[in-house]
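Chemist: Predicted model and sequence follow; I will ask about them next.
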Amino acid sequence: MKQQIAMWVLGLGLVLPGWGRAMPTPPPVAQIAHQAIGAVVEVQSIDPVKPPQGRPGAVHGAATPPRPAGPGHQQGHGGLVVPPRAEQALGTGFFIDPRGYLVTNHHVIAGASRVTVTLSDGRVYAARRVGVDKQADLAVLKIDVGHPVPYLKFGRSRRLALGDWVVAIGNPFGLGTSVSAGVVSALHRDIGAKPFDDYIQTDAAINRGNSGGPLLDIKGRVIGVDSAIYSPSGGSVGIGFAIPASMVKPVVAQLIAHGVMRRGWLGVRIEHISAAMQAAWHLTSPHGVVVAGVVADGPAHGILQPGDVVMAVDGHQLRGTHSFHVAVGEHAVGQRVALRLRRDGAMRDVRVTIGALPHQPGAANHAAPGAPDSPVVALGVRVRAAPRGVAVVSVVKDGPGAKAGLRAGSKIEAVGADFVTNPDQLRKALVGRRMVSLLVADAGANGPGWLMVRLAPAPPQAEPKP
């Protein structure tokens, strides 16, 4: 009977479509790990005491929570004041250049007074910050070893498909170098953590301490930087997120060359393609974005015009406004971006040079003297008029603005392509929209930057009393 059942199952495999093809086998994980481990390092950062972050069931950065580096409390003992206790956070990094440049997450070293790197052979080196990009959650460090170091090469994350095998290497819970394998579970995940979220999701085991580690393809090339996990317990439940190499490569190149990632803009306001637009313009797909406005004298002035449907950036199809901002955000000021668009029923290819964000150095972010403040419910903030913008006076905890990075002292200069100079203009620019891009300047920053904000739903209108 068992033989009959076995033969019946085998026969079924011969009949069902696709079952006759050879199934892909798991990659040679041992070989990939052996070739890559020498380029993966442990990153330790020492910083002041920080309160525990995250909560059960939330998305966490995959860095090991800070741990006390020594005993002591901040209190006096006979007139002696004990210094604030230092704490140690652990993460991962990997070399991308034989000269000792390595990549990790910004949140691994954020606020650290000292950063050290431990090589796979146990040697420890002090690391120098080369540059950080908070918006992409990336950092570049450098150590001087005195000789070339093993390093990893980047692969092409845009060629990934669901089900592709991947290998993660990291330092979970500070236990030391560990290897895990899995598949690509999803692509282009936006988890609301950063303005340029475009994560690779994988079921390869990623835990706290893996932050900054490489996610490798079957050829041992870096296709992502492990950065976050979704976990009810704080441990791996098979939902990990990695920043794709398509974002990491340009950011790292700018950080090494200039120390900063100078993102610019195209000077356009864009919107999703609605069902009505798709029907009226006879579009075969809702993918892409519609140019709703072009800033006079902006980078795209004279090249793009309202009504253009941008279908692809640098040959990669757009899925909506977020993917447009991600694609543009991968470019630095001065770089050219190729756009494929549909205008008047015909397809066109154009190029636009990324321009610097409009900003006057030293411009005040503070509110105009005596200006009253008023609420902007959709953002969860209170604002008042300020020179060349709207100043944020206060921010509702866990509100849309707070989650996106707005804070008291920020100045909102524009909503998309529409510049705002008072609270009423800001509120009108938000009406009927679910997500907006805000041009925001923060006190002490080098210049304004874009924040993507998911707006709070409009409160229900009270029904008239009979």
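Modeler: Received, thanks. Numbers count the residues shown, from 1 in each chain.
Chemist: Give me the phi and psi angles of S274.
Modeler: Backbone dihedrals for S274, given as degrees, to the nearest 10, come out at phi -80, psi 170.
Chemist: Equivalent analysis for the one 4 residues further on, please.
Modeler: Per-residue torsions, Q278: phi -60, psi -40 (degrees, to the nearest 10).
Chemist: so what's the closest residue in space to H331 that isn't next to it in sequence up against?
Modeler: Using CB to CB, 6 or more residues apart in numbering and skipping the chain neighbours, the partner closest in space to H331 is I354 (4.9 Å). For the C-beta atoms, the positions are set from N, CA and C on the backbone; glycine is no exception. Counting by CB atoms under 8 Å, 6 or more residues apart in numbering, I354 makes contact with 263-266, 299, 328, 331-337.
Chemist: just L138 next, same as before
Modeler: Contact criterion CB under 8 Å, 6+ apart gives V103, T104, N105, H106, V132, V225, I243, V248, V251, V252, L255 as the residues in contact with L138.
Chemist: Please tell me how far the fifth one sits from A112.
Modeler: Spelled out, it's V132. 11 Å (CB to CB, to the nearest Å).
Chemist: before we move on, what SS does V108 have?
Modeler: At V108, secondary structure determined by DSSP: H, G, I helix; E, B strand; the rest coil is helix.
Chemist: same for the longest strand anywhere in the chain, what does it pack against?
Modeler: The longest strand of the chain (DSSP state E) is strand 178-189. Strand 178-189 is packed against helix 29-36, strand 165-170, strand 199-202, with contacts defined by 3 or more CB pairs under 8 Å, 6 or more residues apart in numbering; DSSP states H and E.
Chemist: Next, the buried residues of it.
Modeler: Neighbour-count burial for strand 178-189, with 16 or more other CB atoms under 10 Å as criterion, is recorded at S178, V179, S180, A181, G182, V184, S185, L187, R189.
Chemist: tell me the contacts of the third one?
Modeler: With contacts taken as CB under 8 Å, 6+ apart, S180 has the following neighbours: V167, A168, A204, A205, I206.
Chemist: Run through the helices of this structure in chain order.
Modeler: If you assign secondary structure with DSSP state H, the helices in the chain sit at 2-15, 29-36, 106-109, 245-258, 275-280, 321-329, 400-404, 423-430.
Chemist: Columns distance to V310 on top of those helices, output as a markdown table?
Modeler: Formatted as a markdown table, the entries for these read as follows, by distance: least, CB to CB, whole Å:
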| stretch | distance to V310 |
| --- | --- |
| helix 2-15 | 46 |
| helix 29-36 | 38 |
| helix 106-109 | 30 |
| helix 245-258 | 18 |
| helix 275-280 | 13 |
| helix 321-329 | 7 |
| helix 400-404 | 24 |
| helix 423-430 | 21 |
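Chemist: Name the spans of the stretch 51-200 of the chain whose pLDDT lies under the cut-off.
Modeler: Within the stretch 51-200 of the chain, the set of residues satisfying pLDDT under 70 comprises 51-88.
Chemist: follow-up on the earlier one: and the contacts of I354, which of them are buried?
Modeler: Among the contacts of I354, those scoring as buried are R263, G264, W265, L266, P299, V328, H331, A332, V333, V337 (criterion: 16+ other CB under 10 Å).
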